[in-house]
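S.K.: Could you work out the structure for the sequence below:
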Amino acid sequence: MPIQAYFDKFNKKIYLTSHSEGFKKAKEKDKSILEEIKSAFKDAGYPVVDTFMQGSFAVNTAINSLDGDFDIDRAIVIDAENAPEDPITPKKTIKEILDKRNFKEPRIKKPCVTADYKSINLHIDYTVYKKETSLFSNDTYYLAVGKNGASNEHKEWSEADQKGLIEWIDSVDNFVFGATAKRKQLKRLIRYIKRWRDVNFNSEGVRKKVFSIGLTIMVKEQYHPNPFSAEVDNDLQALKNTVDAILDADYISAPWGTSDYRVSVRLPMAPKRDIFQHKVGGGNADGSDLAVGGQLRNKLLKLQEELKKALDETDERKQCEILNKVFGDDFEVPKEEKQSSSKATSILLTAGAAPLSTAGASGTSQGA
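M.R.: Below is the predicted model:
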């Protein structure tokens, strides 16, 4: 069986969609909470005019988590004309709704309201946007930024083109021929690299800072299928090419003469901030902290090495063993075939060797 067949099986195992069996309860909770938010916002004088999923579900790159958790990332949009001046006000309304439900300590974070459900493995993030509608250009969205109790200089309605980001990830403009097949492969590669992250970063603190959107943007920017062919490389070759390109790009760098590596990836749409910016004093600085930058670089180099080994290997089972170590047990390793004693004897006779006695055969390695 070609190696692509094993990648297809792996993708099927890790691929999480809104129709996946385990996601039903999460969808039910989201629907119920959304209806309550709509009602509360309407009563407050700023009715919801739009809502959409964000994150991996929006771009079809969600994966089953290793710990069985489900994430929902939903945008709540109100009209700019009705939006309160204080961006924290609608976030407080959402927190009050979550407080009444079976959530553990809902919190107002700078970009969103976040909470974990107590009785099921569900993490939920709600972001609030106000939308300015224009007759002559695209609508402009502003994200409600700020924590509870923040001073005026630390809260704002900040321009954020989340829908533009979703459209950019989904775009096939550069793929020319075979665009649909190439987009599907791109999404598979993103799922693979996210599962690689989950398996290979042992420190939870570092793993959580290797943000999925950062990985997604790097893979999207460095995925370069042949634009003049409708065919795509097998996923192993395509992933190796993409990882090579990521390492050759300038995402991860260190000042000359140092090993102080930081990773920096900018959003391609407004506000075009550095996704990996880290906290310094009371503010943020571009680039990740050193633990994230150093580990991501080292582990990508190791991934590059293992993918090359898998490409150079001609034995199907050994290829899968390499990839199983890279991606975890959801990447299947075929069972080793054992020759029957009659078949082994036939092979030896064909080769001109005398048949071995039963006693001798029992102590002989099949793999020798």
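S.K.: so where do the helices sit in the stretch 51-200 of the chain?
M.R.: For the stretch 51-200 of the chain, the helices defined by DSSP state H, counting those that start in this stretch cover 55-59, 88-100, 162-170, 179-200.
S.K.: Redo the ones you listed as CSV? Include mean pLDDT.
M.R.: What follows is those, written out as CSV (pLDDT from 0 to 100):
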stretch, mean pLDDT
helix 55-59, 93
helix 88-100, 96
helix 162-170, 96
helix 179-200, 97
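S.K.: Can you give me the distance of the nearest residue to residue 71 once chain neighbours are set aside to residue 26?
M.R.: Distance criterion Cβ to Cβ, 6 or more residues apart in numbering; nearest residue to residue 71, sequence neighbours excluded, is residue 123 at 4.9 Å. Any C-beta I mention is one placed from the backbone N, CA and C, and that applies to glycine too. Using Cβ to Cβ, to the nearest Å, one gets 9 Å for the distance from residue 123 to residue 26.
S.K.: ok, back up a step: verify the stated contact: the residue nearest to residue 71 with residue 113.
M.R.: No. Residue 123 lies out of contact with residue 113 (Cβ atoms under 8 Å); the separation is 12.0 Å.
S.K.: higher neighbour count, the two?
M.R.: Between residue 123 and residue 113, counting by other Cβ atoms under 10 Å, residue 113 is the more crowded of the two (26 against 16).
S.K.: okay, now residue 257: neighbour count?
M.R.: Burial of residue 257 is recorded as 6 neighbouring residues (other Cβ under 10 Å).
S.K.: got it, and residue 247?
M.R.: For residue 247, the count of nearby residues is 15 (other Cβ under 10 Å).
S.K.: which element is it on?
M.R.: Here residue 247 sits within helix 235-248, counting by DSSP states H and E.
S.K.: thinking again about what came up before, identify the contacts common to residue 123 and residue 26.
M.R.: 70, 72 (Cβ atoms under 8 Å, 6 or more residues apart in numbering).
S.K.: what's the span of stretch 195-206, first residue to last?
M.R.: In stretch 195-206, first residue to last residue: 15 Å (Cα to Cα, to the nearest Å).
S.K.: Tell me how far that stretch lies from the chain's centre.
M.R.: 12 Å (Cα atoms, centre = their mean, to the nearest Å).
S.K.: residue closest to the middle of this protein?
M.R.: What sits nearest the mean C-alpha location of the chain, by Cα atoms, centre = their mean, is residue 212, with 3.9 Å.
S.K.: okay, now the nearest residue to that one once chain neighbours are set aside: neighbour count?
M.R.: Nearest residue to residue 212 in three dimensions, chain neighbours excluded: residue 194, at 5.7 Å (Cβ to Cβ, 6+ apart). Residues near residue 194, counting by other Cβ under 10 Å, number 21.
S.K.: wait, residue 194 sits on residue 214?
M.R.: No. Between residue 194 and residue 214 there is no contact under Cβ under 8 Å: 10.6 Å.
S.K.: Local confidence estimate at residue 201?
M.R.: At residue 201, the pLDDT value in this model is 97.
S.K.: show me what contacts the residue nearest to the centre of the chain?
M.R.: Residues in contact with residue 212 (Cβ under 8 Å, 6+ apart) are 55-56, 61, 194, 197.
S.K.: again, but for residue 44
M.R.: Residue 44 sits in contact with 84, 89-90, 93, where contact means Cβ under 8 Å, 6+ apart.
S.K.: likewise residue 144?
M.R.: 87-88, 90-91, 127-130, 157.
S.K.: closest to residue 322 among those?
M.R.: Residue 322 lies nearest to residue 127 out of the contacts of residue 144, by Cβ to Cβ, at 39.9 Å.
S.K.: Quick check: the closest residue to the closest one other than its chain neighbours vs residue 104, distance?
M.R.: Using Cβ to Cβ, 6+ apart and skipping residues adjacent in sequence, the residue nearest residue 127 is residue 112, 4.5 Å away. Distance of residue 112 to residue 104, given as Cβ to Cβ: 16 Å.
S.K.: Which parts of the protein belong to which domain?
M.R.: Following automatic domain parsing, the chain resolves into domains at 16-160, 171-327.
S.K.: Quick one: closest of those domains to residue 1.
M.R.: Nearest of these (Cβ to Cβ): domain 171-327, 6.7 Å.
S.K.: For stretch 120-128, buried residues please.
M.R.: Within stretch 120-128, the residues scored as buried using 16 or more other Cβ atoms under 10 Å are 122-128.
S.K.: Give me the subset of these that lies in strands.
M.R.: 122-128 (DSSP state E).
S.K.: pLDDT weak spots in the stretch 201-350 of the chain?
M.R.: Applying pLDDT under 70 to the stretch 201-350 of the chain flags the ranges 282, 338-350.
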